[in-house]
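>>> Structure here, sequence nowhere to be found:
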Ligand SMILES: [Zn+2]
């Protein structure tokens, strides 16, 4: 068995930076790697001083640093925090641990120790130090110009635990020195990412399934995603090409998002996940349900309104819809300029999708802002695609917000459309 200690993160000085500039710009490896996809570790939150925060806050800083590698480099390996510890010294005891030591680092801010056999890592310990000679280190969550960042140093030391040696790239988190006050190491450099991927490869995010698999085209459906290699770093989700809302990664296999409003694109749509430029697509993974006038507005004495405009491809219509009994407050609360829509009716959605593709946006071109008297006028054009002939259209008043628009007593006058 081999035991290694990498001295790290000496206090930065101008001379040190200058001296390293002539070196080859690349990461280097220590030659160890983990044979599992994750290893657990504990943290002794025993940093002294107010700047280090509470024990809970200290743990949060260390774990954020540890997670940086999986989240930012997207390697199929992660460090899993399992709890606090009272261990305050380095020992080959079968437990991966992080702690602060009130001793002199002799030039180091912190050291990562690891044990290995034949290049396979068995254990690591990370020790932060109190001082270098007569200079005391102040460890902090949000360092001032004279303090040191707990999280940044965690990123660096966990990089060693991962199998990375020091990099000659000055902007790398694995560069061997850091200035007081700097939090730059929190963000991995491309060189760090390349190094981590050289050992573990890339964990391509993959969408497995979503639930529920359908929801209203007005959006607002909370969807749970099951997949693999999900990371919270720079993660976006689109549904039918429209960015989802509140994308939340719970862990590497579970995330949630809220569907966007897609009132003009009903039917099956692709769900696309992107993490750090790597994408995964669930073809027709979600279905935007067609809006119906009744579901949105049948409350109390409201009279649904529908009409079939004559369908002549290329024709251009003006339509008018009027409400009564609402008033200004109602209009302001429940209705806006996008609430009037032209929707296809009595058409198979798959057929509709095919007809509309690749330009399903025709149905966005009817907008009418309701005025205080409940009147709105909008314009829309029947698409010129020949296949559209014969499709029924319905003019619908849609309500975005949940909750009964109880102020609507009647939709009067109905809707009319006249060719222009
Ligand atoms: Zn180091």
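Sure, I can see it. Keep in mind that this is a model prediction, so the values were computed, not measured.

>>> Look up which helix or strand residue 153 falls in, please.
Residue 153 is part of helix 150-162 when elements are defined by DSSP states H and E.

>>> tell me what the following helix or strand past that helix is packed against?
Later in the chain than helix 150-162, the nearest helix or strand by DSSP H and E is strand 177-178. Packing partners of strand 177-178 (3 or more CB pairs under 8 Å, 6 or more residues apart in numbering; DSSP states H and E): helix 150-162. Bear in mind the C-beta positions are built from the backbone N, C-alpha and C, glycine included.

>>> What helices and strands are in contact with the helix it packs on?
Judged by 3+ CB pairs under 8 Å, 6+ apart, helix 150-162 is in contact with strand 2-8, helix 55-68, strand 110-117, strand 120-132, strand 177-178, helix 190-200.

>>> For the ion, which of the ones you listed is the nearest?
Set against the ion and scored by CB to the ion, these come closest in strand 2-8, at 2.5 Å.

>>> average pLDDT for that closest one?
Across strand 2-8, the average pLDDT comes to 50.

>>> how does this protein divide into domains?
Following the assignment in automatic domain parsing, the chain carries domains at 2-200, 206-289, 293-419.

>>> ranking these by mean pLDDT, which is last?
The minimum mean pLDDT among the domains of the chain belongs to domain 293-419 (a mean of 36).

>>> what are the ranges of the helices in the chain?
Using DSSP state H, the helices of the chain run over 14-20, 55-68, 150-162, 190-200, 293-297, 327-334, 349-356.

>>> Output the helices and strands packed on helix 150-162 as a markdown table; include the columns distance to the ion and mean neighbour count.
What follows is those, written out as a markdown table (distance: least, CB to the ion, whole Å; neighbours: other CB atoms under 10 Å):
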| stretch | distance to the ion | mean neighbour count |
| --- | --- | --- |
| strand 2-8 | 2 | 17 |
| helix 55-68 | 13 | 20 |
| strand 110-117 | 7 | 20 |
| strand 120-132 | 10 | 21 |
| strand 177-178 | 9 | 20 |
| helix 190-200 | 12 | 20 |
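
>>> I figured residue 38 hits residue 77, correct?
Yes - contact between residue 38 and residue 77 holds when scored by CB atoms under 8 Å: they sit 6.6 Å apart.

>>> Neighbour count for the two, which is higher?
Neighbours per residue, other CB atoms under 10 Å: of residue 38 and residue 77, the larger number sits with residue 77, 21 against 12.

>>> Next up, the contacts around the residue nearest to that one when sequence neighbours are not counted.
Excluding the flanking residues, the one nearest residue 77 by CB to CB, 6 or more residues apart in numbering is residue 200, at 4.7 Å. Going by CB atoms under 8 Å, 6 or more residues apart in numbering, residue 200 touches 33, 75, 76, 77, 162.

>>> Residue 141 - nearest residue in space that isn't next to it in sequence?
Using CB to CB, 6+ apart and skipping the chain neighbours, the partner closest in space to residue 141 is residue 53 (4.6 Å).

>>> shouldn't the one you found be in contact with residue 59?
No - under the criterion of CB under 8 Å, residue 53 is not in contact with residue 59, lying 9.3 Å apart.

>>> From residue 239, how far out is residue 112?
42 Å (CB to CB, to the nearest Å).

>>> Please disregard the earlier target; I meant residue 40.
35 Å.

>>> The two - which one has more neighbours?
Neighbours were counted for residue 40 and for residue 239 using other CB under 10 Å; residue 239 has more, 27 against 13.

>>> How about the more buried one: which residues does it bridge to?
Listed beta-bridge partners, residue 239: residue 242, residue 271 (assigned using DSSP bridges).
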